[in-house]
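coords below, sequence missing:
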């Protein structure tokens with residue numbers, strides 16, 4: 001679905017709600033105001049609902065924003081607020097759930113006319129918050145690589161590749177909107193928001209006062225439970241992400257790679273290093289004259305203008321997994337025949353301790369034997385034992401994480417005993433961490449690997465979580481809280 005299609009659908013919904021309120025509920029005082037209430041209300045309810053399906057995804061997006069705010073403000077005269085953003089990132093999921101609930105409630109409040117003045121102020125305030133997020137992200141497209149946001153004199157021509165956050169997350173993974181589009185969308189919504197502030201007394205109010213309060217209260221509780229159920233108790237049952245159940249990852253990756261390979265360079269944008277002049281040259285001319293008329297010492301490449309791929313690349317194109325020695329495991333899943341299981345943990349929760357210990361090490365001396373002034377051999381002679389201090393990493397796992405990993409280890413071993421490959425893939429891990437996981441949670445039959453944490457977050461919304469693969473397809477996924485034993489997995493699929 002495109003943004004245009006969504007606007008049409010929500011517009012139709014707003015029109016139907018307006019007709020119902022006018023001709024069924026007899027609220028005909030201001031039809032334009034009623035339509036704006038219903039349109040904006042339906043917009044907020046829908047956008048909140050698609051985010052409520054996957055509140056963790058919105059939390060991850062908020063972490064991206066907080067990370068960029070931290071790096072942006074730490075070089076300014078207000079750098080003292082920079083440490084606030086890592087603190088907020090720790091509570092990104094809670095902020096996400098709160099924002100989703102507020103968005104849904106505000107949407108319903110607009111439709112039923114709950115406390116118009118208060119609703120108008122909250123609606124305007126939340127839109128200002130959204131506009132700041134999307135506006136900041138969009139405007140970073142003018143900041144060149146290595147530049148800083150508040151150094152406005154260094155801003156150059158807009159380049160979407162300069163943006164650190166590529167997707168605003170306004171509709172979760174349902175529709176991917178570029179921050180530029182989302183920014184203008186938020187600016188547009190500020191128009192009715194101001195209208196509500198100035199004319200809140202003209203807003204329609206449906207039903208009785210007590211019923212409006214009951215509807216708001218029930219919606220609050222229902223949305224809260226729905227949000228929590230989609231990350232604390234289970235994975236989202238509606239999955240808009242690339243690695244959804246039933247997805248042929250092998251075929252999709254091949255199609256995406258072929259589409260990217262067919263992309264052609266149409267032209268080049270160059271900037272003169274001396275006078276700042278910018279030119280755009282067709283690819284054929286640039287390739288012919290690049291050495292003579294546009295040498296690198298005088299001209300800097302700003303951008304390449306390319307044809308759009310017939311299939312847009314997703315995280316599937318970035319699907320890469322290695323073992324602790326950096327050997328590629330990717331094609332074990334893409335090309336492997338038959339079933340396999342992937343245990344996913346995008347983050348290993350626990351503390352790393354450095355322990356010093358004293359060991360005794362043998363010391364040898366070299367004894368050289370000469371013959372006719374030539375070296376014939378060098379013998380090592382034991383001299384004695386010497387104490388040496390060594391450092392070792394130990395890991396103190398978080399109690400909840402440890403409990404979940406023990407459960408996952410038992411399930412993994414039971415599956416592996418059926419001669420079915422089982423992999424443990426961790427984000428942000430190294431050889432020592434993987435070795436400790438394998439030892440501490442009895443995963444002797446499990447192949448240990450590592451991958452990008454963002455990739456793993458995209459695959460399954462559980463830490464740890466279990467994914468069932470077969471012939472390059474994702475067949476099923478499980479939240480850790482939905483896995484009691486391997487029997488249900490084996491019974492269902494094997």
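Great, that's in hand. From a predicted model like this one, the values you see are computed outputs, not experimental measurements.

so where's the stretch 301-450 of the chain shaky on pLDDT?
For the stretch 301-450 of the chain, the stretches with pLDDT under 70 are 355-361, 366-380, 382-383, 387-392.

could I get the full set of helices for it?
Here the stretch 301-450 of the chain has its helices, by DSSP state H, counting those that start in this stretch, at 330-334, 399-416, 431-440.

return the most buried member of those.
Stretch with highest mean neighbour count among the helices of the stretch 301-450 of the chain: helix 399-416 (a mean of 18; mean count of other C-beta atoms under 10 Å). All C-beta atoms are positioned from the backbone trio N, CA, C, and that covers glycine.

partners of residue 323 in the sheet?
Legend: beta-bridge partners of residue 323 under DSSP bridges are residue 449.

check contacts around it.
By C-beta atoms under 8 Å, 6 or more residues apart in numbering, residue 323 lies in contact with 329, 447, 448, 449, 450.

wait, the third one sits on residue 437?
Going back to what we said before, that points to residue 448. Yes - Residue 448 lies in contact with residue 437 (C-beta atoms under 8 Å); the separation is 6.9 Å.

quick check: neighbours shared by these two?
The contact sets of residue 448 and residue 437 overlap at 424, 426 (C-beta under 8 Å, 6+ apart).

rewinding a little: among the helices of the stretch 301-450 of the chain, which is nearest residue 75?
Evaluated with C-beta to C-beta, those place helix 431-440 nearest to residue 75, the distance being 32.7 Å.

can you list contacts of the closest one?
Here helix 431-440 makes contact (C-beta under 8 Å, 6+ apart) with 324-325, 348, 393-395, 397, 402, 405, 424, 426, 429, 443-444, 446, 448-450.

check stretch 43-53 too.
For stretch 43-53, using C-beta under 8 Å, 6+ apart, the contacting residues are 6, 10, 57-58, 96, 100-101, 103-104, 106-108, 110-111, 123, 169-172, 174, 189, 223, 226-227, 230, 236, 238, 240.

what's the farthest-apart pair in the contacts of residue 323?
Using C-beta to C-beta, the contacts of residue 323 span at most 11.4 Å, a distance reached by 447 and 450.

do a quick rundown of the helices in the stretch 151-300 of the chain.
Under DSSP H, counting those that start in this stretch, the stretch 151-300 of the chain gives helices at 179-198, 209-228, 249-261, 283-289.

out of the helices of the stretch 301-450 of the chain, nearest to residue 42?
Smallest distance to residue 42 across the helices of the stretch 301-450 of the chain (C-beta to C-beta): 39.3 Å, for helix 399-416.

wait, isn't residue 70 in contact with residue 88?
No - at 9.3 Å, residue 70 does not count as touching residue 88 under the criterion of C-beta under 8 Å.

ok, back up a step: highest neighbour count among the contacts of residue 323?
In terms of neighbours by other C-beta atoms under 10 Å, those top out with residue 450 at 24 neighbours.

wouldn't it be in contact with residue 430 here?
Yes - the pair residue 450 / residue 430 is scored as a contact, 7.4 Å apart, by C-beta under 8 Å.

joint contacts of these two?
Among the neighbours of residue 450, those also in contact with residue 430 (C-beta under 8 Å, 6+ apart) are residue 324.

select the longest helix from this structure.
In the chain, taking DSSP state H as the definition, the longest helix is helix 116-139.

helices or strands up against that one?
For helix 116-139, the elements it packs on are helix 55-73, helix 92-112, helix 179-198, judged by 3 or more C-beta pairs under 8 Å, 6 or more residues apart in numbering; DSSP states H and E.

just the buried residues of that helix, please?
Within helix 116-139, the residues scored as buried using 16 or more other C-beta atoms under 10 Å are 116, 119-120, 122-124, 126-127, 130-131, 133-139.

can you list the domains in this protein?
3-233, 264-306, 317-349+398-493, 356-392 (automatic domain parsing).

quick one, which of these is nearest to residue 253?
Closest to residue 253 of the domains of the chain is domain 317-349+398-493 (C-beta to C-beta; 6.4 Å).

quick one: end-to-end length of that closest one, please.
In domain 317-349+398-493, first residue to last residue: 27 Å (C-alpha to C-alpha, to the nearest Å).

please compute how far that domain lies from its chain's middle.
Put simply, domain 317-349+398-493 sits 19 Å off its chain's centre (C-alpha atoms, centre = their mean, to the nearest Å).

cool, and stretch 25-34?
42 Å.

residues making contact with that stretch?
So stretch 25-34 is in contact with 18, 21, 22, 195, 199, 202, 203, 204, 205, 206, going by C-beta under 8 Å, 6+ apart.

PyMOL command to pick out the buried ones of the residues you listed?
Buried members of those, defined by 16+ other C-beta under 10 Å, are picked up in PyMOL with:
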select buried, resi 18+21+22+195+203+204+205+206
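
as a markdown table, the contacts of stretch 25-34 with distance to residue 51 and pLDDT would be great.
Formatted as a markdown table, the contacts of stretch 25-34 follow (distance: C-beta to C-beta, whole Å; pLDDT from 0 to 100):
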| residue | distance to residue 51 | pLDDT |
| --- | --- | --- |
| 18 | 25 | 94 |
| 21 | 26 | 91 |
| 22 | 31 | 90 |
| 195 | 25 | 94 |
| 199 | 29 | 92 |
| 202 | 30 | 92 |
| 203 | 25 | 94 |
| 204 | 27 | 94 |
| 205 | 27 | 94 |
| 206 | 25 | 93 |
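
what about the residue nearest to residue 224 when sequence neighbours are not counted, how many neighbours?
Counting by C-beta to C-beta, 6 or more residues apart in numbering, residue 101 is the residue found nearest to residue 224 once chain neighbours are left out, at 5.9 Å. Taking other C-beta under 10 Å as the criterion, the count of residues near residue 101 is 21.

so who does residue 101 touch?
48, 220, 223, 224, 227.

could I get the residues you listed in JSON lines, plus columns for distance to residue 298?
Supplementary listing: those in JSON lines, determined by distance: C-beta to C-beta, whole Å:
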{"residue": "48", "distance to residue 298": "53"}
{"residue": "220", "distance to residue 298": "63"}
{"residue": "223", "distance to residue 298": "59"}
{"residue": "224", "distance to residue 298": "61"}
{"residue": "227", "distance to residue 298": "56"}
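
from these, keep the buried residues only.
Looks like the contacts of residue 101 have 48, 223, 224, 227 buried, using 16+ other C-beta under 10 Å.

how far away is the third one from residue 285?
Okay, so that is residue 224. Residue 224 is 60 Å from residue 285, where distance means C-beta to C-beta, to the nearest Å.

cool, and residue 247?
Counting by C-beta to C-beta, the gap from residue 247 to residue 285 is 42 Å.

more neighbours, these two?
Per other C-beta under 10 Å, whichever of residue 247 and residue 285 has more neighbours is residue 247, with 17 against 13.

I figured the more buried one hits residue 472, correct?
No - if you go by C-beta under 8 Å, residue 247 and residue 472 don't touch, sitting 9.7 Å apart.

sorry, back to before: which of the helices of the stretch 151-300 of the chain sits most buried?
For the helices of the stretch 151-300 of the chain, the largest average neighbour count (mean count of other C-beta under 10 Å) is found in helix 179-198, namely a mean of 17.

elements contacting it?
Applying 3+ C-beta pairs under 8 Å, 6+ apart, one finds that helix 179-198 contacts helix 31-52, helix 116-139.

that older thread, and which of the contacts of residue 323 is nearest to residue 386?
residue 448 (34.5 Å).

got a list of contacts for stretch 229-247?
Contacts to stretch 229-247, defined as C-beta under 8 Å, 6+ apart, come from residues 50, 52-57, 93, 172-174, 249, 252, 314-316, 458-462, 465, 467, 473-479, 481-482.

same thing but 6 Å
Applying C-beta atoms under 6 Å, 6 or more residues apart in numbering, the contact partners of stretch 229-247 are 53-56, 173-174, 314-316, 458-459, 461-462, 474, 476-477, 479, 481-482.
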